[in-house]
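Q: sequence and computational prediction follow.
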Amino acid sequence: MNLSLENIGKQFSFEGTVKEIRTLGEGLINDTFFVETAGESPNYILQRKNKYIFKNVPAMMENIHKVTTHLKKKIVQRGGNPRRESLTLIPTQKGNLYYQDAEGEYWAACLFIEDAITYEAAHSLELARQGGKGIGLFQSMLADMKETLVDTLPGFHNMRYRFQQWDDTLAKDSAGRKAKVQEEIGWIKQRREEMLAFWQKAETGEIPTRITHNDTKISNILFDENGNILCVIDLDTVLSSICLNDYGDAIRSYANTGLEDDKNPGNVSLNLEIFKSYTSGYLSEALSFLTPVEREHLAFSARYITFEQVLRFLMDYIDGDNYYKVKYPEQNLVRTRAQYKLLTSMEKHYTEMCATVDTIIHSF
């Protein structure tokens, strides 16, 4: 075992003897490790949080603690298993929610949920429906949460803030790449006013603020062996925002026929059947708390979030790839073009998307 990882593991209140700590997955933001213990003791997940992305890790961990505490109470009321249906944070030996090492890195741990399945994509309509149900239920259980969360990601999904960043990035042109992406810059300029008009509804309160997850791709939901949802994971981005962000981001992820970084944009389009199934599952849990204005803007939220991702990938490319991890120099530009193809597919099918949402709403 890596000696430094072993030392980090010793800082947490793990039951039993730790046999091994090994790398798990390839996250874009955090470094994640699987902690295997001996005998019948539970296993754990250990993460090194990205302090450059999450500027206030202590507040982030407190947000997660508040949310999971609320969720566990709701799960118990529903007769569920709070250790399997919600993340369980593991404190340090000193009782803290995180450990900061000598190099200033932040570490956190949670219980590993056994016999759970994750998916990188929604390969069936039923899986998409269950995923929608999972996020709808997550939001529904948090709809009456009164505790305030710290805004640990200022400006997240805030289009006015994103355009401030965008204007600064174009002005600086730090990596000297602006000249080669004039067509892509035009994509952003063309849609600027429409996207700001949507966000203004959030600023005025016409679209209400709720507790949201903000990273609702299917890989952030655990399923059981029967394909039913177990638990929503990766809560680093839980914030007070508009719940349409969660829905829109899920559609961007689930209903993409290609990859987020597909080198062939021809592979990318909106899968309308997946869109319908996810929406049906989501509304089966969320319809009870959504306002008429929220319902009206569900379909547009998918366009909004996808546009934001086009902007963010392109902005990071122009800035020299400082936010998203890249495996090759042009990857952020590839991501930009793939997401733009998805956006144009949504725009093409927007009328049908709106009609589908209305039909599902009236079916309940």
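A: Right, received. Where do you want to start?
Q: quick one: pLDDT of the residue nearest to L125 when sequence neighbours are not counted?
A: With C-beta to C-beta, 6 or more residues apart in numbering as the criterion, L125 has its nearest non-adjacent residue at 4.2 Å, and that residue is S277. Glycine gets a C-beta too; all of them are placed from N, C-alpha and C. S277 carries a pLDDT value of 98.
Q: okay, now S277: neighbour count?
A: By the criterion of other C-beta atoms under 10 Å, S277 has 24 neighbours.
Q: got it, and Y119?
A: 18.
Q: F223 is in contact with that one, correct?
A: Yes: using C-beta atoms under 8 Å, Y119 is in contact with F223, at 7.0 Å.
Q: so what sits against both of those two?
A: Counting by C-beta atoms under 8 Å, 6 or more residues apart in numbering, the shared contacts of Y119 and F223 are L127.
Q: state the distance from the residue nearest to L125 to T37.
A: Per C-beta to C-beta, to the nearest Å, S277 is found 38 Å from T37.
Q: mind listing the helices for the stretch 101-250 of the chain?
A: 125-142, 159-172, 182-203, 244-254 (DSSP state H, counting those that start in this stretch).
Q: show me the contact partners of the last one.
A: Translated: helix 244-254. Contacts for helix 244-254 (C-beta under 8 Å, 6+ apart): 121-122, 128, 131-132, 135, 139, 157, 207, 212-218, 260, 274-275, 278-279, 282, 286, 294, 297-298, 301-306, 309, 339, 342.
Q: out of those residues, which end up buried?
A: Using 16 or more other C-beta atoms under 10 Å as the burial test, these include 121-122, 128, 131-132, 135, 139, 157, 207, 212-218, 260, 274-275, 278-279, 282, 286, 294, 297-298, 301-306, 309, 339, 342 as buried.
Q: among the residues you listed, which are in strands?
A: Mapping those onto strands (DSSP state E) picks out T212.
Q: quick check: closest non-adjacent residue to the most centrally placed residue in the chain.
A: When C-alpha atoms, centre = their mean is applied to the chain, the residue found nearest the centroid is D215 (0.6 Å). Excluding the flanking residues, the one nearest D215 by C-beta to C-beta, 6+ apart is T237, at 4.9 Å.
Q: that older thread, any idea how far the residue nearest to the centre of the chain is from N158?
A: D215 is 16 Å from N158, by C-beta to C-beta.
Q: appreciated, that's everything.
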